[in-house]
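Chemist: sequence unknown, structure follows:
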């Protein structure tokens, strides 16, 4: 593969943001304000973005297992239309579920009705029906380009018990339901945070990311231990998104598309003054992975500090402040994406996985941030010219 | 006391219903439909009721600990106004919390933010602020006659850890906040289900019911074991509400008002054909307790069977069907209340508690349904004329 990484023409690379409403965070779904959403989406369109990823809140749409609120679905459609008016395509995430440390779970799977959404048959039937209702209602919207089952659904464990085989079967069933009701040109996506690649006892497999749905979705958060390897601008930190993209290639088909569905510059790991450089290096490194189809920044807007209880690092992730000011990182991102679209891929070396982390999930620690393998991979990718050439990762040799 | 139970004139006895919306159950708060609420309240006014108890859903009003949604509060006010237009006073329950087996808890006390609402200082501050906001906004409404802290908040344990001293301190603080913002003529009420009286290891005290707030609120549900003593129309079953009212008198001041805030005729304990008799006997027995101020039936309306996951017994508790047809029990209730208003109190015998269940909560099993004490109390209250004379319960003799 590394021999064929030089596109002759301008490359297609989607550029977008995970849409965090500037007013009222995701609670704003309860009081949808068209004008406020329009203003936020204007910000994103002004950066030249082509898409947003949106996050309806599941239990407010399906408060009873047998009820999907028509008005709530209409509200989602309204946001999709507001995107279309600004040339923005939309990915709809269905099961939220988990958002920035908060879990939204319906009363029908809590306390007196406690049951695992991953394993309880009735709960799964409810989720399936929910997915069918939403995808059925929203798939006809021309600018909906993707459906994600839910944001980092593996964060819903351990509150909901599961095992790797159960998680896989659960996702297969629900992704199948999405596929059945989505248009053929709409991407069906599964979203997991990176413990699927790194944590030995995690009950979700890297193979779920790399074989289910139409694209491997990776979420790069350097607070996962990576920033401790070499700081905000070190090569390990700024190549972490690329590392995940290459790991995805190693755990599935090497040609399968990879979507960097989340990446951000979290404080304090990436200090404010380092953010533009972090952005540029991160984009350069990950865009050098030829299977990469797009970059969706987390997040569009900061979180209003009048809202409490968020982890400190969640507040200032926006490309825009709550007052609609673009941050320096936003401009750096726009420029880095545009540069990546016109840059030939660097020729990348290759390295083999130290273990088959799909067949033997307990070996995942061998590739976690800071592991010998990870450090070797980073060292191999560094180039004298300062660009990073993310090594292709090949399967473990038996 | 039993010497002074014969009012010379018509007695004041409030008559109302716990308002369960016929369309969309409590999920209807998410899509408030004035016309649907008005239609439901017309049903209740047609029975001659003077009040309803309403149940806003807490996490939808306070999705973030520092956010109370103005529109949600306005929706509650709208329902209060619709009541006023029909001559209905309103009790507003604040912390739902628990409703018919479902717990509604905000994401800020769940999973990654798990903390006991009873003991965590920040969570308690959030609850206090919520209570202050709602009571401050709604107390000026002339027809709001009471605020209950929340419906059977002891159902929020064990999901939220607590002990008797902690539960008491929690309720004192929040009831104090209600008192501070309510009008002087508005009742401040604490609501617990009857494990506070009966369950030896229950972390809420009977004294919370009988000493906190302005009135002792009792909830009589014969599926708690009582109906197994002597069936749907036996004296133990039909006097259970009266028994709780008398227990309340024994665990606090004997003159303190008692509100039968919930009582219902649940299937299968009370078969449909027995419901009118159950209603009449229950009302006669409890109305013979002179401290009784009112009876609030659970519930106004049945639950639409298109909604799933409710315990079977919750669906058919309505005085009205979802199609607004009054049940035979509704007419029996109206007639029984009217009769009770014009009936002299029967002279009641007296019996002493077998133990001080406040000082020694572990002794509560001694007064639980089916206990020797309970059976003795029932036998003592039976009269040859078929009326029931609920024995006064006096404190345990040391």
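Modeler: That came through fine. Quick caveat, the model's predicted, so the values are computed rather than measured.
Chemist: Go through stretch A:160-168 and flag the buried ones.
Modeler: A:160, A:162, A:164, A:167, A:168 (16 or more other C-beta atoms under 10 Å in any protein chain shown). Just so you know, the C-beta spots here come from the backbone N, C-alpha and C atoms, and that holds for glycine as well.
Chemist: What ranges does chain A have for its helices?
Modeler: A:34-46, A:58-61, A:70-84, A:121-138, A:164-181, A:195-198, A:206-211, A:227-230, A:235-238, A:240-251, A:275-287, A:328-341, A:372-381 (DSSP state H).
Chemist: surely residue A:310 meets residue A:304?
Modeler: No: shown here, residue A:310 and residue A:304 do not form a contact pair, counting by C-beta atoms under 8 Å, at 10.0 Å.
Chemist: what does the stretch 101-250 of chain A put close to chain B?
Modeler: The stretch 101-250 of chain A comes close to chain B at residues A:101-105, A:107-108, A:110-113, A:122, A:155-156, A:159, as judged by C-beta under 8 Å from any C-beta of the partner chain.
Chemist: if we go to 10 Å?
Modeler: With C-beta under 10 Å from any C-beta of the partner chain as the criterion, the stretch 101-250 of chain A meets chain B at residues A:101-115, A:122-123, A:125-126, A:155-160.
Chemist: Pull out the buried residues from those residues.
Modeler: Among those, those classed as buried by 16+ other C-beta under 10 Å are A:101-111, A:113, A:115, A:123, A:126, A:155-157, A:159-160.
Chemist: Tell me the one of the buried residues of stretch A:160-168 nearest chain B?
Modeler: Of all those, residue A:160 has the smallest distance to chain B: 9.2 Å, by C-beta to the nearest C-beta.
Chemist: Dihedrals phi and psi, the nearest residue to the closest one once chain neighbours are set aside?
Modeler: Leaving aside its chain neighbours, residue A:160 sits nearest to residue A:116 (4.2 Å; criterion: C-beta to C-beta, 6 or more residues apart in numbering or on different chains). For residue A:116, the backbone dihedrals (degrees, to the nearest 10) come out as phi -70, psi 130.
Chemist: and residue A:116, how far is that from chain B?
Modeler: Note on residue A:116: its distance to chain B, by C-beta to the nearest C-beta, to the nearest Å, is 13 Å.
Chemist: need the contact list for that residue.
Modeler: A:109, A:123, A:124, A:156, A:157, A:158, A:159, A:160, A:161, A:162, A:166, A:170 (C-beta atoms under 10 Å, 6 or more residues apart in numbering or on different chains).
Chemist: and if you look at residue A:270?
Modeler: Per C-beta under 10 Å, 6+ apart, neighbours of residue A:270: A:222-223, A:227, A:231-233, A:237-238, A:264, A:277-279, A:282, A:313, A:329.
Chemist: quick one on the thing from earlier: quick one: the buried residues of stretch A:160-168 as TSV, columns for pLDDT too.
Modeler: Below are the buried residues of stretch A:160-168 laid out as TSV (pLDDT from 0 to 100):
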residue	pLDDT
A:160	98
A:162	98
A:164	98
A:167	98
A:168	98
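Chemist: Please list all residues in contact with the closest residue to residue A:304 other than its chain neighbours.
Modeler: Spatial nearest neighbour of residue A:304, chain neighbours left out: residue A:322 (5.0 Å); criterion: C-beta to C-beta, 6+ apart. Contact analysis of residue A:322 by C-beta under 10 Å, 6+ apart lists A:20-23, A:25, A:40, A:301-306, A:315.
Chemist: How many residues are close by the closest residue to residue A:220 other than its chain neighbours?
Modeler: In space, and not counting its chain neighbours, residue A:220 is closest to residue A:241: 3.7 Å by C-beta to C-beta, 6+ apart. Using other C-beta atoms under 10 Å in any protein chain shown, residue A:241 has 29 neighbouring residues.
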